[in-house]
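*Asks:* Let me see the structure of the following:
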Amino acid sequence: MSENRLWNHIIEDLQNRLERDDFDLWIKPLAAQMGANDNLTLLCPSRFHLKRLRETYLPMVNNFLENQGEQVKLNCKVAVPSNSRGENQSNRQMNLPSIKRGMPLLNNRFKFDRFVAGGGNELAFAAAKALAGEKRFFSNTLLLVSDTGLGKSHLTQSVGHYVMETQPNARVAYLTAEDFANQMISALRRKNMDAFKEHFRRECDILLLEEIPFLAGKEKTQDELGFTLDALLDAGKRIILTSCQVPNEIKGIKRNLESRISSGMTINIEPPDHRTRVNILAHQAHEEGMVVDPEVLEYLAQEIPEDIRRLQSSLVGIMAQGSLTNRPMDLGLAVEIVGKMTHRKKKVNVETIRDMVARIYGMEISTLTSRSRRKVVTVPRNMAMYLCRKHTSASYATIGRSFNRDHATVMYGVNQIDRKIANDPKLQKEMSHIEQRLGVR
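*Replies:* Modelled structure (predicted):
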């Protein structure tokens, strides 16, 4: 395959797999060069960029090349200006070891010592460490359930790294449910199902399988996975599964597979609390060797409460901007980066709006939802209820339950704001500020 065509295919694959902001920040600035002996070199704008590329995105590129059957040696280096090429260039090149076929494609950033435990993830962290070790565990199967960006993949891959480092003879299989389905389809087409079954049932000591809901409606694949899980458990092997839903909520999953998945220990990972979010950011900055104002960390933790991946991505954006442009990594830059990341409208719910309004007006949620009729409480309360009607599909009764109000009181409060806002610049400004903070403006 030609250099341009191969690179275009890689770009297309990464565009489909990454958030737009991550793609624009880390992939768009790259250039590609095809050298002798099928060497593909990716050129980065800075050492900071190179480090991030190697740790986070190169495994994705390697995975794509392997799936395409491309025998390409992948390198990356910092791009050197044309007037500086020569001996310096070879000194700055960083050769990447290719990932051996059959080895799990694990992200080097996803290890136990890089996982910040606290708040809603402590039990999941402890369970993953216990299952990774060779100590007795309550079950050979662990199912981690959470929304996206809360650490399922980090913990799952941490188990893989730990097992490979401490139990070198153990055979680790890490893949997504989509990978499992695709490999099965490929084996069927090649009439090689015996080898497929042997690989997962006999040549695997620990199975790390992500994104179980992908299998919904794929009955033959579900059957094969069920037989595989039975074989592994009968042999005393270890299994970690991840999902964004508990099994009985996944439509299109057969009862027997649901039963197998649910038979072990199931742990829900909750969003981290504010202090844990700050600790995650502080740990990340320390690892990157960056000094970031604590005020910036507090701001990010407040603005991005529910998605660790977006939280960390925002800090990386700040550090990248600071590194590439020599701008101070202060609150002003943080506000700018977060604004760019949240320029697209996002879904919010009644509780999110209620909690944000309470935070902006500096009051406890219990005060906002109390029986107080003081203006300093009623105006924010009515604003919150108005925003709930505007930005969610919740009924007056549903909103009322979150504010300790009945249907008629909510309707009255919403109408109060609706009448005033057109002629009240101060109220308009406050409303605009709240919507910006919510990411819905």
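
*Asks:* Now Asp307: closest residue in space, sequence neighbours ignored.
*Replies:* Gly149 (3.8 Å; CB to CB, 6 or more residues apart in numbering). Using the backbone N, CA and C atoms, a C-beta is placed for each residue, glycine as well.

*Asks:* correction: Val163
*Replies:* Using CB to CB, 6+ apart and skipping the chain neighbours, the partner closest in space to Val163 is Ala170 (5.1 Å).

*Asks:* Quick check: closest non-adjacent residue to Phe125.
*Replies:* Ala117 (4.2 Å).

*Asks:* so where does that neighbour fall, helix or strand?
*Replies:* Assigned by DSSP states H and E, Ala117 belongs to no helix or strand.

*Asks:* was I right about it contacting Leu123?
*Replies:* No - using CB atoms under 8 Å, Ala117 makes no contact with Leu123, being 9.3 Å away.

*Asks:* which of these two has more neighbours?
*Replies:* Using other CB atoms under 10 Å as the criterion, Ala117 and Leu123 rank with Ala117 on top: 19 against 14.

*Asks:* Can you name the residues that contact that one?
*Replies:* 125-126, 276 (CB atoms under 8 Å, 6 or more residues apart in numbering).

*Asks:* Next: Met329.
*Replies:* So Met329 contacts 290-293, 296, 318-319, 321-322 (CB under 8 Å, 6+ apart).

*Asks:* Which secondary structure state does it sit in?
*Replies:* Put simply, Met329 is coil when judged by DSSP: H, G, I helix; E, B strand; the rest coil.

*Asks:* quick one: it from Ala320, how far?
*Replies:* Met329 sits 10 Å away from Ala320, going by CB to CB, to the nearest Å.

*Asks:* repeat for Arg359
*Replies:* Taken as CB to CB, the span from Arg359 to Ala320 is 28 Å.

*Asks:* And Asp307, by the same measure?
*Replies:* 19 Å.

*Asks:* So those two - more neighbours on which side?
*Replies:* Ala320 (20 against 16).

*Asks:* which residues sit against the helix or strand where Gln302 lies?
*Replies:* Following DSSP H and E, one finds Gln302 within helix 294-303. Applying CB under 8 Å, 6+ apart, the contact partners of helix 294-303 are 274, 277-278, 281-282, 285, 311, 314-315, 318, 329-331, 333-335, 338, 342, 359, 437.

*Asks:* On the C-terminal side of that helix, identify the next helix or strand.
*Replies:* Later in the chain than helix 294-303, the nearest helix or strand by DSSP H and E is helix 308-325.

*Asks:* Using neighbour counts, pick out the buried residues of that following helix.
*Replies:* Buried residues in helix 308-325, defined by neighbour count with 16 or more other CB atoms under 10 Å: 308-323.
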